[in-house]
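Colleague: the amino acid sequence is not available; the structure is as follows:
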Ligand SMILES: [Zn+2]
């Protein structure tokens, strides 16, 4: 009965609301942010006393406080004691990893014993942790055996079920036979792998098609796997895909207007990655001059993920410990050479390899310790990353037309990037997530 009465009134209600929209077309309520200092993500200079007008999910206007027109009825958020920046972008994370402790079974136990729902629950917490720390966008570069779980988390965030950053996801990642864990088990056993294994260009292209079909925003390829100290004390990295296999993936992915991120340390695998047309080199801890020249020529992005290689070394008297120390000793000069050559360096951490309880922004300190200017480091996590993600002007900048992803910190990050580890205010898509 009630249902019948409702149905009878419904068309009238609908008609009324349509005509109301036609008459008023209401603009979203304005939110005004007063910024003591603004680092807009793109300009090389910070600006004092700025007013940012946000409408709905985007930034309408940015101007000097002295000349700003405050829309009537606007909600005002006073950040005049803070430094305001665009929401930060971490371009190398794994929300489906939690810095698994080797003493508790490490990476293998995660795949062998954790139900997928448990992994999804942990990923939900990781996503929330990132947003709390002012990282409003992540490029999450593979789920480490959790299949297409990143697509599910991304959907849950977009639909508002859980809080989290904007996600660009790579789904399963691709490597070759002998090129990814789980490994070291009896050869009679068919073990699950943390990435999709392919051999030959046909399988490689098919894997890319599958992943793109299921919603991958990026394709992640492992171009090197094991690494060890070679006969002459050099770092050796085991190459994985051939150039032909990689070219099949890159060709397919570019056809979908998507990009390919390649994990590559150095040597043969790194050079195959560049010859095969990778869009970004991940880690790249042993870059030779030829690789840097080729990256400049091809416009390849470099996501160095420094911090993760400077912690948790194996004991010095073990082979793995010697390898860990050698990797770190090469990484710093590689980063410095790339910086001097003006390779396009983008902020990435490998969070997940690092527990999500640690500060994501610690990577800024490592970049600055190795000679990067603080403003350059900030741009590597804002406007420069947005170009790599094909979102220039929309992400990583506080300017008219950009999405309203805005954070604030106490103090001057240009003097000490450490203040970026203590984010005081986070807005994503025009909605305040955190305000201390
Ligand atoms: Zn990684």
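Modeller: Looks like it came in fine. In this text, all values refer to a predicted model and were calculated from it rather than measured experimentally.
Colleague: all helices for the stretch 151-300 of the chain, in order.
Modeller: Ranges of helices in the stretch 151-300 of the chain, per DSSP state H, counting those that start in this stretch, are 201-213, 243-255, 267-275, 289-298.
Colleague: give me the contacts around the third one.
Modeller: What that stands for is helix 267-275. With contacts defined as CB atoms under 8 Å, 6 or more residues apart in numbering, helix 267-275 is touched by 221, 223-224, 235-243, 246, 262, 264, 281, 284, 286-287, 290-291, 294-295, 298, 300. For every residue, glycine as well, the C-beta is placed using N, CA and C.
Colleague: quick one, longest strand in the protein?
Modeller: When the chain is parsed with DSSP state E, its longest strand is strand 75-86.
Colleague: which elements pack onto the following helix or strand past that one?
Modeller: Scanning forward in sequence from strand 75-86 by DSSP states H and E, the next helix or strand is strand 88-93. Other helices and strands packing on strand 88-93, by 3 or more CB pairs under 8 Å, 6 or more residues apart in numbering; DSSP states H and E, are helix 116-132, strand 135-140, helix 383-388.
Colleague: pull out the buried members of the contacts of helix 267-275.
Modeller: The neighbour-count test (16 or more other CB atoms under 10 Å) marks 221, 223-224, 235-237, 239-243, 246, 262, 264, 281, 284, 286-287, 291, 294-295, 300 as buried among the contacts of helix 267-275.
Colleague: among those residues, which are in strands?
Modeller: Those of the buried ones among the contacts of helix 267-275 lying in strands (DSSP E): 221, 224, 235-237, 239, 262, 264, 281, 284, 286.
Colleague: redo the residues you listed as a markdown table? Include distance to residue 66.
Modeller: Listed next are these as a markdown table, based on distance: CB to CB, whole Å:
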| residue | distance to residue 66 |
| --- | --- |
| 221 | 52 |
| 224 | 55 |
| 235 | 56 |
| 236 | 61 |
| 237 | 56 |
| 239 | 59 |
| 262 | 49 |
| 264 | 50 |
| 281 | 45 |
| 284 | 46 |
| 286 | 52 |
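Colleague: how about those residues in JSON lines, adding pLDDT?
Modeller: Formatted as JSON lines, those follow (pLDDT from 0 to 100):
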{"residue": "221", "pLDDT": "98"}
{"residue": "224", "pLDDT": "98"}
{"residue": "235", "pLDDT": "96"}
{"residue": "236", "pLDDT": "97"}
{"residue": "237", "pLDDT": "97"}
{"residue": "239", "pLDDT": "98"}
{"residue": "262", "pLDDT": "98"}
{"residue": "264", "pLDDT": "98"}
{"residue": "281", "pLDDT": "98"}
{"residue": "284", "pLDDT": "98"}
{"residue": "286", "pLDDT": "98"}
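Colleague: circling back to that earlier point, looking at the helices of the stretch 151-300 of the chain, spot the one closest to residue 430.
Modeller: helix 201-213 (30.3 Å; CB to CB).
Colleague: now that closest one against helix 243-255, angle please.
Modeller: Interaxial angle, helix 201-213 versus helix 243-255 (axes from the mean of the first three to the mean of the last three CA atoms, to 10 degrees): 30 degrees.
Colleague: run through who's touching helix 201-213.
Modeller: 170-172, 174, 196, 198, 219, 241, 244-249, 251-253, 256, 258.
Colleague: what's the straight distance from one end of stretch 220-237 to the other?
Modeller: End-to-end span of stretch 220-237 (CA to CA, to the nearest Å): 18 Å.
Colleague: my bad, stretch 386-394
Modeller: This stretch, stretch 386-394, spans 8 Å end to end (CA to CA).
Colleague: also stretch 210-224?
Modeller: By CA to CA, one end of stretch 210-224 lies 22 Å from the other end.
Colleague: in this structure residue 404 contacts residue 427, no?
Modeller: Yes: the criterion here is CB atoms under 8 Å, and residue 404 meets it with residue 427 at 5.9 Å.
Colleague: show me where the stretch 1-150 of the chain dips below the pLDDT cut-off.
Modeller: For the stretch 1-150 of the chain, residues meeting the criterion pLDDT under 70 lie at 1-25.
Colleague: any of the contacts of helix 201-213 buried? List them.
Modeller: Looks like the contacts of helix 201-213 have 170-172, 174, 196, 198, 219, 241, 245-249, 251-253, 258 buried, using 16+ other CB under 10 Å.
Colleague: need the contact list for the nearest residue to residue 277 once chain neighbours are set aside.
Modeller: Ranked by CB to CB, 6 or more residues apart in numbering and with sequence neighbours excluded, the top spatial neighbour of residue 277 is residue 250, at 4.4 Å. By CB under 8 Å, 6+ apart, residue 250 lies in contact with 260, 276-278.
Colleague: before we move on, what about residue 367?
Modeller: 304, 306, 335, 345, 347, 377, 380, 417.
Colleague: what about residue 112, neighbour count?
Modeller: 12 (other CB atoms under 10 Å).
Colleague: surely it touches residue 182?
Modeller: Yes: the criterion here is CB under 8 Å, and residue 112 meets it with residue 182 at 7.5 Å.
Colleague: picking that back up, in JSON lines, list the contacts of residue 250 along with neighbour count, distance to residue 127 and pLDDT.
Modeller: Shown next, in JSON lines, are the contacts of residue 250 (neighbours: other CB atoms under 10 Å; distance: CB to CB, whole Å; pLDDT from 0 to 100):
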{"residue": "260", "neighbour count": "24", "distance to residue 127": "24", "pLDDT": "99"}
{"residue": "276", "neighbour count": "22", "distance to residue 127": "31", "pLDDT": "98"}
{"residue": "277", "neighbour count": "18", "distance to residue 127": "31", "pLDDT": "98"}
{"residue": "278", "neighbour count": "27", "distance to residue 127": "27", "pLDDT": "98"}
